[in-house]
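1. only geometry, no sequence info:
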């Protein structure tokens, strides 16, 4: 099979696969490194490299789940709070083998939309690399990520665009 056919097959197979469908098999660190490295190869105007990724695994991932649940609870009124949604937040993060935060760094050198587009292309590279490695993944962008500024040490010129969940699909 030539490179174009392989690429076409990977693009056609790319899907969002959700944590409920992940197995317990751990993703090898080399594959996680490859996934993040592929993201950094995305095109970006003036070479601003506007993406900032942080990988959460193990205890750090469990803390993220608790923090996200706490943010959800704190930002909902008694009338809008849903216990199922609260539980789902923790379940999805804990079921994933790894979670990567997706943050855009606005350089001021190019329009903001270009840097958001570059980060989006970086995430597409992660999706394709996951697909090629039989890793399930999906990009989630709940409003509550806006409140993760402290845990992600987000600076004034940065914005969290969501979380990227990863898990093996045996």
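-> Nice, thanks for sending it over. None of the values given here were measured: they were computed from a predicted structure.
2. which non-adjacent residue is nearest residue 144?
-> residue 71 (4.7 Å; Cβ to Cβ, 6 or more residues apart in numbering). In short, each C-beta sits where N, CA and C put it, glycine included.
3. burial check on that neighbour, number of neighbours?
-> Neighbour count of residue 71, defined by other Cβ atoms under 10 Å: 19.
4. go on, residue 133?
-> With other Cβ under 10 Å as criterion, residue 133 counts 17.
5. tell me the helices and strands packed up against the longest helix belonging to the chain.
-> Scanning the chain for the longest helix, with DSSP state H as the assignment, gives helix 112-132. Applying 3 or more Cβ pairs under 8 Å, 6 or more residues apart in numbering; DSSP states H and E, one finds that helix 112-132 makes contact with helix 3-13, helix 29-39, strand 51-56, strand 98-105, strand 135-140, strand 158-168.
6. closest one to residue 84 among these?
-> strand 135-140 (16.2 Å; Cβ to Cβ).
7. for that closest one, which residues meet the burial criterion?
-> 135-140 (16 or more other Cβ atoms under 10 Å).
8. and which of these is nearest residue 117?
-> Looking across the buried residues of strand 135-140 and measuring by Cβ to Cβ, the closest to residue 117 is residue 139, at 14.4 Å.
9. perfect, that will be all.
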